[in-house]
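Enquirer: Next one to model:
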Amino acid sequence: MADFSHILATRPDFDDEDREWLHHLVADWQVIADLSFADLLLLVQNGSGKYVVAEQCRPSTVMTLRGEDVVGEVMPDDMVGELDAAMQSSVVFRSTVLRTVGKATVCNVYAPVRHNGKTLGLVVRETNMATRESNGRYESESINAGKQLYEMIPRGQFPYKDSVMSQRHIARVADGFIILTMDGVVRYAAPNAISCFRRLGLLTTMPGQYLSELGTQLIKENDDVPETLPLVLSGKAAVDSELNANRSAVSMRSLPLYDNNGRVGAIILCRDVTELRRREQELQTKNATISEIHHRVKNNLQAVSALLRLQARKTKSEEVKKELQEAQRRVQTIAMVHEGLSQTADEIVDFDKVISNLLRMAVDLATMKDQHIEINFMGKFGMMPAQDATPLSLVLTELITNSVEHGFEGRKEGHIVISVGRSGSNLNVVVEDDGTGLGSEEQNGLARSSGSGLGTQIINTFVTNDFGGSVHWEPRREGGTRVVLDMKLRAAQEE
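Expert: Reported below is the predicted structural model:
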């Protein structure tokens, strides 16, 4: 099925500015549909001159006329004359014929979309006539405001050219709206909008009052006031802002209304975002706490590592000294993972950054003074949760240490290459070196044991038991050793 961009691509005479204008229009026309209690269709002529539905918008304030998707459909031939006339019009064009959509009687109104002296298409407002029966003040004000916005389309006043939208939770019509006069006086406030200002602490009635003065009454001395708030409260610019008072927060958006002579008023959309902001604050506090915990764990592990290093220096037994140094290296490995976790807002770490530093440190610790072992990486591990990052970092450091200690024993220099392939939770890691060969690094399908053999147990236990994977040792074709790890990450999400 054709989509919006594909349909626009059938019009080579549309330049980038034309297409961008239409994209802006459909990005912001929901407010017109909601205020008007009507479905909207954007019609453009395709390369063969047929009128095609390029995009549609269903109202969220009333039941839609079109439950099915009509994007890509060609308009019937009996409407072409009316559509041609609407395209030639410089103002909103009203159909003289009532049509039927489903079981509803519908009145069509057409707004030619004009930009840079060119008519790009038509916005069709499909009004179910049943929604125009027995309307109260709320419905009348809403419909009239939607009509004013809709009539701005042919004049090129909607969508707004210089709108500034910075709020994450933009207010919609159903959340509450206020109608302002040209001077910024509240002419009408919907019940939900009144409720928003009651939450902020407003006790007076709103109609007949300057909205800017009502907002100022709620702000206390030394309160932070967004720069855009005065513009929103006066309705002078298409911007959004947030008003915080009385431990409540209301997100607001201003939509200035224009006629041929200039600005005549504004619509202010309001949304109570108090609960959303409270949850965001709780999440920020939780994230800060988690980061602090990881930071303290890292510090404690580094203290343990320092104690092991001091103990290793004081012992006279070379065997004990070596075991203490191995223990210190493993503790330092875990500490570096927690250091990475302490710098993020969640339990996910950039494993490429962590493992690069870890493995280079492992190489430096395992090499002799006159040795130079270079380590390179191919591929990316990506982001990884702590549940996987800690054991995987231990496995890789043990493999690298084993490679340096056994594969390059008696060698002045060497190279180690780590190749990574990841697809979601499936991880393949290949560790290759150009050392003395398989026999010096592998024993009975496992890493060659030295000392207590704990490194061998770490590799085997984590890969096979924790990751449900396998370890394969094989000779490297050009000489040296090749270790292939196939694993299933436990906590990683599918990419």
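Enquirer: going forward, measure contacts between C-alpha atoms and count neighbours the same way
Expert: Will do.
Enquirer: isn't residue 72 right up against residue 3?
Expert: Yes - between residue 72 and residue 3 there is a contact under Cα atoms under 8 Å: 7.0 Å.
Enquirer: where do the contact lists of these two overlap?
Expert: Here residue 72 and residue 3 share the contacting residues residue 54, scored by Cα atoms under 8 Å, 6 or more residues apart in numbering.
Enquirer: These two: which is more packed in?
Expert: residue 72 (18 against 13; other Cα atoms under 10 Å).
Enquirer: Quick check: which element contains the more buried one?
Expert: Per DSSP states H and E: residue 72 is located in neither a helix nor a strand.
Enquirer: any weak-confidence spans in the stretch 51-200 of the chain?
Expert: For the stretch 51-200 of the chain, applying pLDDT under 70 flags the ranges 167-168.
Enquirer: Helices of that one, residue ranges please.
Expert: Using DSSP state H, counting those that start in this stretch, the helices found in the stretch 51-200 of the chain span residues 80-88, 137-151, 191-199.
Enquirer: need the contact list for the closest residue to residue 177 other than its chain neighbours.
Expert: For residue 177, ignoring the flanking residues on the chain, the nearest one in space by Cα to Cα, 6 or more residues apart in numbering is residue 269 at 4.4 Å. Contact analysis of residue 269 by Cα under 8 Å, 6+ apart lists 171, 172, 173, 175, 176, 177, 178, 193, 252, 253, 254.
Enquirer: I'd like the secondary structure assignment at residue 269, please.
Expert: The three-state assignment at residue 269 reads strand, by DSSP: H, G, I helix; E, B strand; the rest coil.
Enquirer: quick one: it and residue 194, what's the gap?
Expert: For residue 269, the distance to residue 194 equals 11 Å [Cα to Cα, to the nearest Å].
Enquirer: joint contacts of these two?
Expert: In contact with both residue 269 and residue 194: residue 176, using Cα under 8 Å, 6+ apart.
Enquirer: From the contacts of residue 269, which land in strands?
Expert: Per DSSP state E, strands hold the following members of the contacts of residue 269: 177, 178, 252, 253, 254.
Enquirer: Closest one of those to residue 84?
Expert: Comparing the ones in strands among the contacts of residue 269 against residue 84 with Cα to Cα picks out residue 254 as the nearest, at 34.2 Å.
Enquirer: my read: the closest one touches residue 232, true?
Expert: Yes - assessed by Cα under 8 Å, residue 254 is found in contact with residue 232 at 5.1 Å.
Enquirer: shared neighbours, the two?
Expert: Common neighbours of residue 254 and residue 232 (Cα under 8 Å, 6+ apart) are 238, 239, 240, 268.
Enquirer: of these, closest to residue 275?
Expert: Checking those one by one against residue 275 (Cα to Cα), the nearest turns out to be residue 240, at 18.9 Å.
Enquirer: bridging residues for the residue nearest to residue 177?
Expert: residue 177, residue 253 (DSSP bridges).
Enquirer: Return the per-residue confidence for it.
Expert: Looking at residue 269, its pLDDT reads 97.
Enquirer: helix/strand/coil for the closest residue in space to residue 148 that isn't next to it in sequence?
Expert: Spatial nearest neighbour of residue 148, chain neighbours left out: residue 257 (6.8 Å); criterion: Cα to Cα, 6+ apart. Under three-state DSSP, residue 257 falls in the strand class.
Enquirer: Enumerate every residue touching residue 220.
Expert: By Cα under 8 Å, 6+ apart, the neighbours of residue 220 are residue 245.
Enquirer: which secondary structure element contains it?
Expert: With DSSP H and E as the test, residue 220 turns up in no helix or strand.
Enquirer: Kindly report the domain assignment for the chain.
Expert: 4-136+143-155, 173-274, 348-488 (the TED database).
Enquirer: Dump those domains to TSV, plus distance to residue 322.
Expert: Below are the domains of the chain laid out as TSV (distance: least, Cα to Cα, whole Å):
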stretch	distance to residue 322
domain 4-136+143-155	66
domain 173-274	59
domain 348-488	8
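Enquirer: Please name whichever of those is nearest to residue 302.
Expert: Between those, domain 348-488 lies closest to residue 302; by Cα to Cα that is 14.0 Å.
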